[in-house]
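Engineer: A structural model of the following input is requested.
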Amino acid sequence: MPKIHFIAIGGAAMHSMAIALSKNPGLKITGSDDEIFEPSRSRLEQHNLLPAEMGWFPERIHEKLDAVIVGMHATEDNPELQRAKELGLRIYSFPEYLYENTRGKTRIVIGGSHGKTTTTAMILFVLNKLKINADYMVGAQIEGLDNTVKLSYDAKIAIFEGDEYLTSPLDKRPKFHLYKPHIAVLTGIAWDHINVFPTFDNYVEQFSKFVNLIEHQGRLIYYADDKNLQTIAENSRRDIITFPYNTPKYEVRNGITYLQVKNGEIPLKIFGEHNLQNMEAARLVCRQLGIWDDKFYPAIAEFTGASNRLQKIYETENSVAYKDFAHSPSKLKATVEAVKNQYPDKKLVACMELHTFSSLREDFLPQYKDCMAEADVAYVYFNPEVVKHKRLKEITAEQVKEAFGGNNLTVFTNSEILQNKLRETDLNNTALLFMTSGNFSGINLIDFAKDLLE
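Structural biologist: Residues are numbered from 1 along each chain as shown. Okay, here's the model as predicted:
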């Protein structure tokens with residue numbers, strides 16, 4: 001029986017791949033990690049994949065292993081990784097293994113600085129509704145799918161969310177450079193991951209390289225209003241067929257977004273121009289797969305969103321609360337504007353946490369200028385201890401306030417004080433929006449929203 005060992009099995013994508021592979025009775029899956037958090041821990045335990053003890057154990061690496069898959073959480077000097085190299089074992093990064101398992105399939109890769117999770121989720125949702133089998137990797141839980149990774153023998157297509165972050169401790173290429181798609185989507189370019197791509201030009205270059213790695217006579221679907229994507233598309237190989245897209249026509253009435261189509265209109269369960277753009281990209285991908293609009297639109301009308309992406313977490317008779325993964329400037333701006341446009345008659349109280357490496361960098365803060373201007377009340381939170389933990393230069397509340405700009409904004413460095421401020425805020429007839437890739441230093445946002453709005 002082939003044996004595969006995961007180094008850093010607790011990662012969001014890594015544990016999902018381990019679970020996906022464990023469903024193959026012909027494979028034996030093991031793994032190690034020095035710390036595993038929820039929900040990875042419970043899910044690994046449920047599938048009998050949770051390591052018996054935390055830590056790295058070189059003795060777990062032996063010559064009978066057929067492959068070792070290493071995650072980004074592992075460092076280059078990881079003792080298990082060093083042992084695997086000494087034994088000359090086949091070592092894969094997460095994206096390498098995905099590619100190797102889908103070489104004979106039609107690969108669809110969704111890239112871009114924003115919207116790639118939702119666009120991937122939309123495509124998978126439609127395929128699932130239409131009972132079309134596909135392998136996949138996506139960065140959020142989707143209704144109707146029990147895992148975020150699926151690898152099978154019989155699926156003829158594979159759909160991947162194409163992250164531009166680094167592949168592994170041994171491979172400094174962006175993940176999406178390894179997938180070599182037949183159909184590629186680029187949703188937009190807005191500078192991110194500045195710890196890896198120190199200049200905007202260097203960041204844009206990664207997307208240009210991605211396009212050059214599209215398979216011969218492949219397709220490139222891209223957002224036409226992004227000037228950098230226009231340039232990349234215009235300079236792409238002559239054999240690549242390009243499909244630009246824009247925001248489709250729509251109307252918002254009584255808190256519902258209606259998509260305007262040839263034969264009338266379709267009420268949607270999602271909203272926001274950025275999500276409508278994602279939907280248009282998904283439609284064009286589905287068309288390449290032979291799914292026409294008469295099948296696509298009824299299916300997508302039921303899509304409520306991917307987990308943590310403009311996810312409604314509580315609602316009363318006159319107020320509503322959402323949480324969103326938005327943390328970069330472009331995502332933040334799009335999400336705030338989407339909620340404001342959807343609920344024009346409600347007060348918008350937007351709370352954002354600076355949590356990622358880029359967002360806490362002093363030289364990156366100016367990128368946030370006016371991105372929360374549409375909110376009636378804007379609260380920005382960061383934890384100085386997280387800044388220290390990431391070994392970044394200290395930033396102050398004053399610096400953050402100046403960078404964001406606007407008279408609607410208050411900056412907090414203490415989660416308790418922020419929570420108390422929200423409890424004191426009049427939230428009657430309000431749209432409450434939480435935006436973070438973290439949890440505001442330990443807040444259960446669903447319970448907290450319920451407590452605030454009731």
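Engineer: The closest residue to residue 22 other than its chain neighbours: how many residues sit nearby?
Structural biologist: Once flanking residues are discounted, residue 22 sits nearest to residue 29: 4.7 Å by CB to CB, 6 or more residues apart in numbering. C-beta here means a position set from N, CA and C on the backbone, and glycine is covered the same way. Counted with other CB atoms under 10 Å, residues neighbouring residue 29 total 22.
Engineer: go on, residue 283?
Structural biologist: 21.
Engineer: what residue is smack in the middle of this structure?
Structural biologist: residue 117 (4.4 Å; CA atoms, centre = their mean).
Engineer: Do I have it right that that one meets residue 138?
Structural biologist: Yes. In terms of CB atoms under 8 Å, residue 117 counts as a neighbour of residue 138; the distance is 6.3 Å.
Engineer: which neighbours do these two share?
Structural biologist: Common neighbours of residue 117 and residue 138 (criterion: CB atoms under 8 Å, 6 or more residues apart in numbering): 161, 306.
Engineer: Which secondary structure element of this protein has the lowest mean pLDDT?
Structural biologist: In the chain, the helix or strand scored least confidently by mean pLDDT, DSSP states H and E is strand 166-168, which has a mean of 84.
Engineer: Okay, now the sheet partners of that strand, with direction.
Structural biologist: If you go by DSSP bridges, strand 166-168 pairs up with strand 171-174 (antiparallel).
Engineer: Flag every buried residue along the strand it pairs with.
Structural biologist: 171, 173-174 (16 or more other CB atoms under 10 Å).
Engineer: Same question for stretch 10-26.
Structural biologist: So stretch 10-26, judged by 16+ other CB under 10 Å, has buried residues 10-11, 13-22.
Engineer: Just the residues you listed: which are in helices?
Structural biologist: Per DSSP state H, helices hold the following members of the buried residues of stretch 10-26: 13-22.
Engineer: From the residues you listed, pick the one nearest residue 330.
Structural biologist: residue 13 (22.8 Å; CB to CB).
Engineer: Isn't the closest one up against residue 148?
Structural biologist: Yes. Taking CB under 8 Å as the definition, residue 13 is a contact partner of residue 148 at 7.3 Å.
Engineer: Give me the common contacts of those two.
Structural biologist: Joint contacts of residue 13 and residue 148 (CB under 8 Å, 6+ apart) are 137, 139.
Engineer: re earlier: tell me the helices and strands packed up against the helix or strand containing the residue nearest to residue 22.
Structural biologist: Element membership for residue 29, per DSSP states H and E: strand 28-32. Judged by 3 or more CB pairs under 8 Å, 6 or more residues apart in numbering; DSSP states H and E, the packing partners of strand 28-32 are strand 3-7, helix 12-22.
Engineer: The first one - contacts with which helices or strands?
Structural biologist: Applying 3+ CB pairs under 8 Å, 6+ apart, one finds that strand 3-7 contacts helix 12-22, strand 28-32, strand 67-70, helix 79-87.
Engineer: Now render the ones you listed as JSON lines, adding mean pLDDT and distance to residue 352.
Structural biologist: Formatted as JSON lines, the helices and strands packed on strand 3-7 follow (pLDDT from 0 to 100; distance: least, CB to CB, whole Å):
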{"stretch": "helix 12-22", "mean pLDDT": "94", "distance to residue 352": "21"}
{"stretch": "strand 28-32", "mean pLDDT": "97", "distance to residue 352": "35"}
{"stretch": "strand 67-70", "mean pLDDT": "96", "distance to residue 352": "33"}
{"stretch": "helix 79-87", "mean pLDDT": "97", "distance to residue 352": "36"}
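Engineer: hang on, the earlier thing: ok, what's across the strand from the residue nearest to residue 22?
Structural biologist: residue 4.
Engineer: got a list of what it touches?
Structural biologist: 4-6, 18, 21-22, 49.
Engineer: And the furthest pair within the residues you listed?
Structural biologist: Once CB to CB is applied, the contacts of residue 29 give 5 and 22 as the farthest pair, at 12.5 Å.
Engineer: Look up phi and psi at residue 251.
Structural biologist: The phi and psi values for residue 251, taken as degrees, to the nearest 10, are phi -140, psi 150.
Engineer: Need the nearest residue in space to it, chain neighbours excluded.
Structural biologist: residue 258 (4.9 Å).
Engineer: neighbours around the one you found, how many?
Structural biologist: 16.
Engineer: in stretch 377-388, what's buried?
Structural biologist: 377-383, 386-387.
Engineer: would you list every one of the helices in the stretch 101-250 of the chain?
Structural biologist: 116-129, 200-212, 227-234 (DSSP state H, counting those that start in this stretch).
Engineer: Pull up the gap between residue 447 and residue 454, please.
Structural biologist: When distance is defined by CB to CB, to the nearest Å, residue 447 is 11 Å away from residue 454.
Engineer: ok, now residue 50?
Structural biologist: For residue 50, the distance to residue 454 - CB to CB - is 37 Å.
Engineer: hang on, the earlier thing: quick one: the least confident helix or strand of the chain to chain centroid distance?
Structural biologist: Mean-position distance between strand 166-168 and its chain equals 16 Å (CA atoms, centre = their mean, to the nearest Å).
Engineer: follow-up on the earlier one: the residue nearest to residue 251: which element?
Structural biologist: Judged by DSSP H and E, residue 258 forms part of strand 256-261.
Engineer: For that strand, list every residue counted as buried.
Structural biologist: 257-259.
Engineer: which one of the residues you listed sits closest to residue 100?
Structural biologist: residue 259 (38.9 Å).
Engineer: Done for today, thanks.
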